[in-house]
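In: One predicted model, sequence on top.
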Amino acid sequence: MENALLYIAGGLMMGLGALGAAVGIGILGGRFLEGAARQPELIPMLRTQFFIVMGLVDAVPMIAVGLAMYVMFAVVGG
Amino acid sequence: MSAAPETSAEYIKHHLTNLTFGQFPEGHEHAGHWGFAHSMQDAASFGFWSINVDSMLFSIGLGLLFVWMFRKAAKTATAGVPGGWQNFVEWVIEFIDDSVRGSFSGKNMLVAPLALTIFMWIFFMNLMDLIPVDWLPVVAGVAGVGHLKIVPSTDPNITFGLSLSVFALVLYYSFKIKGPGGFAAELTLTPFQSQNKLVQLLFIPINLLLEGVTLISKPVSLSLRLFGNMYAGEMIFILIALMYGGGVVLGAFGGLLQLGWAIFHILIITLQAFIFMVLTIVYLDMASQAHH
């Protein structure tokens, strides 16, 4: 029973993290394309900024994935 | 896999345990002696006065490697046709120079070298993640060392060490450039302001709370972002390595997965080193702006 709850916790961590990252990176990519279409000469600058913000957005869900994996394989298995 | 038969959970935990040196506490069979921890529980029982020998060794070693390699490029630099290594170093330095010029508005001789060091050092530490997880621990196991974690940036002690050093610089430049009064005013008089003196007085604790949280969250988020990313990446590499124990088909699939994740991970490790550097520059820039 406890293990079942741990698996649900891991699933929630991964799923909610993915949800947030999908929305965030979707908006970010859309705005990047809008900006690139409007002012193509700014693309190199925009791309750098895009990657910086993508790293910031991407970090928290990635951490959630790592912790979920730890919970599901190391905590439950041990 | 150094210890003979083990479950997957033991294998994962073995890979996530640092080589910790410290004093065994009361109640342990080696009570009072100094030595290396044999398990995660041992390492936790050492308390504050213990050191992760593997993290220190690899981080300092990689730092020296960075200094030596870049020094070599500087010593042998030529105005004629440059070699590959000199080209690379010039490219890195130009890249850092552009980033610093883009985000740092003040005049400070420390920021660009600091940014270069942070970027290359973190990049080298993260790069250890791409070495297959079993190679060095198995070699160490043959040599009699029980635990070995080769990626220093998967150790929160290292990432917090980096971010707290940056934080100390932020505080130093805040005091030096804004002055104690200016820094205190920034912490207490923004973001809520009022013309009425009494209302302004009421706003001071609220402002202090808000700005205090903002200030403290800088080093915490800086280090935890790097640590979390590297820890998660290492975790996934370990899980993939587990598949090699599951027969030829699963092993081959694991090999493909490892290749794919490693290629994706090259992006992540560079990005995280770059973000740490950019945020350091931005924080120092905020600290160096005199109050207006």
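Out: Yep, it's here. Not measured: the values here are computed from a predicted model.
In: and chain A, which residues reach chain B?
Out: Counting by C-beta under 8 Å from any C-beta of the partner chain, the positions of chain A adjacent to chain B are A:51-52, A:54-56, A:58-60, A:62-63, A:65-67, A:69-70, A:73-78. Bear in mind the C-beta positions are built from the backbone N, C-alpha and C, glycine included.
In: Point me to the residue of chain B nearest chain A.
Out: B:Ala232 (2.3 Å; C-beta to the nearest C-beta).
In: Run through the residues that contact that residue.
Out: A:Met62, A:Ile63, A:Val65, A:Gly66, A:Leu67, A:Met69 (C-beta atoms under 8 Å, 6 or more residues apart in numbering or on different chains).
In: okay if I get these as TSV plus neighbour count and pLDDT?
Out: Shown next, in TSV, are the contacts of B:Ala232 (neighbours: other C-beta atoms under 10 Å in any protein chain shown; pLDDT from 0 to 100):
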residue	neighbour count	pLDDT
A:Met62	23	82
A:Ile63	20	82
A:Val65	21	85
A:Gly66	24	82
A:Leu67	20	85
A:Met69	19	83
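In: if you look at those, which of them are in helices?
Out: Judged by DSSP state H, helices contain the following of these: A:Met62, A:Ile63, A:Val65, A:Gly66, A:Leu67, A:Met69.
In: any idea how far A:Leu6 is from whatever residue of chain A ends up closest to chain B?
Out: The minimum distance from chain A to chain B, using C-beta to the nearest C-beta, falls at A:Gly66 (2.3 Å). The spacing between A:Gly66 and A:Leu6, counted by C-beta to C-beta, to the nearest Å, is 15 Å.
In: which residues in chain A form helices?
Out: Assigned helices in chain A, in chain order: A:2-38, A:43-69 (criterion: DSSP H).
In: a markdown table please, covering these and showing distance to B:His14.
Out: Below are these laid out as a markdown table (distance: least, C-beta to C-beta, whole Å):
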| stretch | distance to B:His14 |
| --- | --- |
| helix A:2-38 | 21 |
| helix A:43-69 | 16 |
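In: Mean neighbour count, the ones you listed: which tops it?
Out: A comparison of the helices of chain A by mean neighbour count, using mean count of other C-beta atoms under 10 Å in any protein chain shown, puts helix A:43-69 on top with a mean of 18.
In: Spatially central, which residue of chain B would that be?
Out: Centroid check for chain B by C-alpha atoms, centre = their mean gives B:Thr159 as the closest residue, at 3.4 Å.
In: low-confidence ranges in chain A?
Out: Applying pLDDT under 70 to chain A flags residues A:1, A:78.
In: Around chain A, pick out the residues from chain B.
Out: Residues of chain B lying near chain A (C-beta under 8 Å from any C-beta): B:7-10, B:12-13, B:16, B:224-225, B:228-229, B:231-236, B:239, B:268, B:271-272, B:274-275, B:278.
In: Out of those residues, which end up buried?
Out: B:8, B:12-13, B:16, B:224-225, B:228-229, B:231-236, B:239, B:268, B:271-272, B:274-275, B:278 (16 or more other C-beta atoms under 10 Å in any protein chain shown).
In: Among those, which ones are in helices?
Out: Taking DSSP H as the definition of helices, these contribute B:8, B:12-13, B:224-225, B:228-229, B:231-236, B:239, B:268, B:271-272, B:274-275, B:278.
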